[in-house]
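[1] Curious how this folds, go ahead:
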Amino acid sequence: MTFASMINEFKALNAELIGLSIDSIYSHIAWLRKIKELAWKDMKHVEVTFPLIADITMEIAKMYGMLHPGASSTQTVRAVFIIDPVGKIRAILYYPLTTGRNVEEIFRILMALQKSDAESIATPANWTPYDDVILPAPGTCGAAKHRMDNLNENTYCLDWFLCFQQNNSHPDDPGNEPEGMPYPSMYPQRGRKNYRRNN
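    A predicted model of the protein is given here:
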C-alpha cells in the first residue's frame, strides 16, 4: 500500500516500481482487489498501478537471491533492489518477513545514488537531501596540497582526505524547493547538516 500510494514521488525521481512475488496471477488479482478495500493510516482506496510479476516458477526469485537457505520455500524474503538506467544493481536491501520495509530509507538511497552519479560525490552517514556531501579524496600528494591550498567558501575539510561540499540551499528557504522533490514531507523535522569542526 505504501509504495502504491507514493508512486508519484518515485516518478518525480525518474524511478519506476516493479513488484514481484512467487504467487500466481490469480493471487495477485485477489490481493489487488482487496487492497482497494482497505484503509490504513492515511491511505485508503489505494490502487496499485505499477507492474507485478507473478514468478510462480521462482525462476526470477532464485536469480536475485530472494529465496534464502532455511527460509520458507513458498515465500520470498522482503527484498528491495535499486537498478540504474543501464540495468546495474546499485543497492540491495533484505528485510526479515516480520519486518516492514523502510520507505524513507529507500528514498534516501535512491536520492543519494542519483546525486552521487550526477555530481561525482559521496554521501556521509545519515545523509539526507540538502545536507553537505563528501568530495572524492585526492589521489596524489600534489592533489592533496592543491586542494588544501585552494579551499573556497563552499568547501571545507576536516583533513586533506575528508573534504565536504557545502550545500547552500534548503527547501525551507524561499524559492529553493525543487519541483517534485519529496524531501519536505519525508523529512519534516530535519534541517541541513554541516560537518565543520567547532574549534
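[2] hey, where'd the strands end up in this protein?
    19-21, 39-40, 43-44, 52-54, 78-83, 89-95, 133-134, 155-159, 162-165 (DSSP state E).
[3] Could you tell me how far the longest one lies from the centre of the chain?
    Strand 89-95 has its C-alpha centroid displaced from the chain centroid by 10 Å (Cα atoms, centre = their mean, to the nearest Å).
[4] Relative to it, what are the paired strands and their orientations?
    For strand 89-95, the paired strands and their directions (DSSP bridges) are strand 78-83 (antiparallel).
[5] next one: the first one
    Sheet pairing here is set by DSSP bridges, and for strand 19-21 it gives strand 52-54 (parallel).
[6] Give me the contacts around the partner strand.
    When contacts are defined by Cβ atoms under 8 Å, 6 or more residues apart in numbering, strand 52-54 is touched by residues 18, 19, 20, 21, 23, 24, 25, 27, 28, 32, 60. In this view, the C-beta of every residue, glycine as well, is placed from N, C-alpha and C.
[7] cool, stretch 117-124 as well?
    Everything outside stretch 117-124 that qualifies as a contact, by Cβ under 8 Å, 6+ apart, is 84, 112, 115-116, 131-136, 164-165, 195.
[8] Not counting sequence-adjacent ones, nearest residue to residue 13?
    residue 110 (5.8 Å; Cβ to Cβ, 6 or more residues apart in numbering).
[9] which residues of the protein score low on pLDDT?
    Across the chain, residues meeting the criterion (pLDDT under 70) sit at 68-76, 168-199.
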